[in-house]
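Quick one: sequence and predicted model below, then my questions.
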Protein chains: 2
Amino acid sequence: MPETHRLAGTRYGNRPTMKDVAARAGVGLKTVSRVVNGEPGVTPETERRVQEAIEALGFRRNDSARVLRKGRTASIGLVLEDLADPFYGPLSRAVEEVARAHGALLINGSSAEDPDREQELVLALCARRVDGLVVIPAGDDHRYLEPELKAGVATVFVDRPAGKIDADVVLSDSYGGARDGVAHLIAHGHRRIGFIGDMPRIHTAAERLRGYRAAMEDAGIAVEDAWMSLGATDPLRVRRAAEEMLSGPSPVTAIFAGNNRVTVTVIRVLAEQPRRVAFVGFDDIELADLLQPGVTVVAQDAAALGRTAAERLFRQLDGSLVVPERIELPTRLITRGSGELPPAD
Amino acid sequence: MPETHRLAGTRYGNRPTMKDVAARAGVGLKTVSRVVNGEPGVTPETERRVQEAIEALGFRRNDSARVLRKGRTASIGLVLEDLADPFYGPLSRAVEEVARAHGALLINGSSAEDPDREQELVLALCARRVDGLVVIPAGDDHRYLEPELKAGVATVFVDRPAGKIDADVVLSDSYGGARDGVAHLIAHGHRRIGFIGDMPRIHTAAERLRGYRAAMEDAGIAVEDAWMSLGATDPLRVRRAAEEMLSGPSPVTAIFAGNNRVTVTVIRVLAEQPRRVAFVGFDDIELADLLQPGVTVVAQDAAALGRTAAERLFRQLDGSLVVPERIELPTRLITRGSGELPPAD
DNA sequence: TAGAGCCTGGACAACGTTGTCAGAAGCGGG
DNA sequence: CCCGCTTCTGACAACGTTGTCCAGGCTCTA
């Protein structure tokens, strides 16, 4: 009575299993398995009968059972900060493409920059036995991953290095990029340059700050505290920070922004200013070329970050990689106008 | 000999199981299960011993086995068109938040607007026994999902309706939004208005085209074929289409763009034009307010689409929803300047 | 002190699949 | 006509977890 399936009544219907298919096709369980997996040694006639039964019952192999038996899940996990951030979209997509090329699915989650949530997510992924992990870390202590690494879970950190463990990491050259960006402003005559960035506990933020300081020092400029705002993340605080450094006793004539979110807010503030203030931002943003003036940025290639990380991940899984490495991708200064404005004081 | 674990030598190390933990803690298998799941009936002293063993071995529960036993995976699948598209980032994030609130993980994939790839992804997700699916369909025939629906896989379609099956769907009011946007241009004196949109086989594209036609008809304007470009997706073709309708025998004085990608390209083209051409785009874009002139758009709330869909999904899983419904979310016309320019001919 | 009842812990089966292995059937050659 | 070989098929165990059920030890009361 095939109807019992629908009548069984549990809200979550009983799905047909290979056993059901076998019964319907009048063959053995293993034969169904063979057909489903395209293994050789099945007569065309038998295969047809099995296919028919599969079709009729709407059978789909239960991958949980398969994974349990085989050990590999053909899925990888991606933990990032915020899927909605335009910087992570292309990165995520690049990871997905590589995963797809290797027949793997992508499970992903946003840590919202919260170390606990990061750990929770990563461990949940490990419990699902993902074959590998791509992590954009929020925290700075990843020793909780030691058992996983030992167990052979491939792991690559992206955008920021892992904390207190030895693991692969793929980064953009935040320090060099920021230094070049600030040096660019200095080369155009600026000396009072503001820096607005994220909390220095975030590696990239710290590196970009370091790049800013290095460029200033190289030029022999003493940085004033009032020129730096660290940890301003939400638009309101960024706005306030920008307005303050533009109106203090020694107002800045140029601003360097530490990431894309800061950039969009600062651009808004600058658009309201009576005088032209030079600007360079870290991360490219869409339509930057169409603004007046065009926005000069230090661009990093988010897709390349994701692709590089994912490829490394699968090379770990191949067994062709053993020693963790640190890969740093270059950034690119794109001049569009805002960074080439002269000081206006 | 606990060392055998490390020595075992299979590249994919043997992970400790509950059995190993039980042996080490000197308790029964089920007791470990109880501790791991926080079930009652374990002495604090026993629990401590078990926890210690878990810690020492780096044990993580194998969720594949758990799923196999329990039937639910606590994960949902999201199939969309392109994770890298800024429209889908917030949508995806919203789905994730709702999933998280329900203790579920999110698996997602991009169909790249390819129906076969959509089906492949969806079926892979079903094989993993996701509890539910949020699908932004690429194809127009979803009968392949019938067995899944029957089996109780909660399913919600977003942004575009399902094809040939009866399922929940959450949409933006593409027709109404486009009609309003075009009517807005007409109200500002335009009569020769161009439309550049995606392939009409995509539901939203067809609806927006329908809205355009409706607005034109309402105003008694006969639409010329040269004013419409359908299926131009890549920047080059969009550019060509825009340039053609701006230079023909009866050049348009305004353009309506069918989605965000078309919008950014058209804006570039218009910026190069000697005369001012009015513009309204479907979908809001970042920094639209800072361009000269500001970009008038018909905005849809991507996060709300995702949230609504996901909430409906979990209500299906609760069992509180039975009858598929079609929910249409309103759009909002945001005037910023480009849509209020008068005709310049 | 015996009996009732509770609390803790463990043995065992089951979930749906795949790997192993052995049996059955078909076929050709001696 | 029988043997041996190949080709196809199926029985069975195992993967790691959880649900069921029972046993043993304890406390409490009469």
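Cool, the structure landed. As the structure is a prediction and not an experimental result, all values here were calculated from the model.

Which residue is the nearest non-sequential neighbour of A:Val67?
B:Ser64 (4.3 Å; Cβ to Cβ, 6 or more residues apart in numbering or on different chains). C-beta: built from backbone N, CA, C; applies to glycine.

Please report the distance of that neighbour from B:Lys70.
11 Å (Cβ to Cβ, to the nearest Å).

Over to A:Arg129?
In this structure, A:Arg129 and B:Lys70 are 16 Å apart, going by Cβ to Cβ.

ditto for A:Leu105
Separation of A:Leu105 from B:Lys70 (Cβ to Cβ): 21 Å.

Of these two, which one has the most company?
Just comparing A:Leu105 and B:Lys70: by other Cβ atoms under 10 Å in any protein chain shown the higher neighbour count belongs to A:Leu105, 23 against 11.

any idea how far A:Pro86 is from the residue lying closest to that one once chain neighbours are set aside?
Sequence neighbours aside, A:Ser75 is the residue nearest to A:Leu105 in space, at 4.3 Å (criterion: Cβ to Cβ, 6+ apart). Distance of A:Ser75 to A:Pro86, computed by Cβ to Cβ: 25 Å.

returning to what we had before: look at the residue nearest to A:Leu105 and report its pLDDT.
pLDDT, A:Ser75: 93.

And the strands in the stretch 151-300 of chain A, which stretches?
Ranges of strands in the stretch 151-300 of chain A, per DSSP state E, counting those that start in this stretch, are A:154-158, A:168-172, A:193-197, A:228-230, A:254-257, A:278-282, A:296-299.

Low-confidence regions, chain A specifically.
For chain A, the stretches with pLDDT under 70 are A:1-13, A:345.

Contact residues of it facing DNA strand C?
When proximity is defined by Cβ under 7 Å from any atom of the strand, chain A lies next to DNA strand C at A:14-15, A:17-19, A:29-30, A:33, A:36-37, A:59, A:61-62, A:65-66, A:68-70.

again, only this time at 6 Å
A:17-19, A:29-30, A:33, A:36-37, A:61-62, A:65-66, A:68-70 (Cβ under 6 Å from any atom of the strand).

Give me the subset of the residues you listed lying in helices.
Counting by DSSP state H, the residues of chain A next to DNA strand C place A:Met18, A:Lys19, A:Leu29, A:Lys30, A:Ser33, A:Val36, A:Ala65, A:Arg66, A:Leu68, A:Arg69, A:Lys70 in helices.

need the residues you listed in a markdown table with distance to B:Met245, can you?
As requested, those are exported to a markdown table (distance: Cβ to Cβ, whole Å):
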| residue | distance to B:Met245 |
| --- | --- |
| A:Met18 | 58 |
| A:Lys19 | 62 |
| A:Leu29 | 63 |
| A:Lys30 | 63 |
| A:Ser33 | 58 |
| A:Val36 | 53 |
| A:Ala65 | 57 |
| A:Arg66 | 54 |
| A:Leu68 | 59 |
| A:Arg69 | 59 |
| A:Lys70 | 56 |
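
Now narrow those residues to whatever sits close to DNA strand D.
A:Leu29, A:Lys30, A:Leu68, A:Arg69.

neighbours around the closest residue to the first one other than its chain neighbours, how many?
Yep, that's A:Leu29 we're talking about. Excluding the flanking residues, the one nearest A:Leu29 by Cβ to Cβ, 6+ apart is A:Ala22, at 4.8 Å. Neighbourhood size, A:Ala22 [other Cβ under 10 Å]: 19.

who touches A:Ala22 in this structure?
A:Gly28, A:Leu29, A:Thr31, A:Val32, A:Val50, A:Ala53 (Cβ atoms under 8 Å, 6 or more residues apart in numbering or on different chains).

hmm, 6 Å instead?
Neighbouring residues of A:Ala22 by Cβ atoms under 6 Å, 6 or more residues apart in numbering or on different chains: A:Gly28, A:Leu29, A:Val32.

which of those residues tops the neighbour count?
The residue in the contacts of A:Ala22 with the most neighbours, by other Cβ under 10 Å, is A:Val32 (27 neighbours).

Wait, that one touches A:Met18, no?
Yes - with contact defined as Cβ atoms under 6 Å, A:Val32 counts as touching A:Met18 (4.5 Å).

Can you pull the residues of the stretch 51-200 of chain A lying near chain B?
Counting by Cβ under 6 Å from any Cβ of the partner chain, the residues of the stretch 51-200 of chain A lying close to chain B are A:58, A:60-61, A:63-65, A:67-68, A:83-84, A:86, A:89-90, A:92-93, A:105, A:107, A:126-129, A:147, A:151-152.
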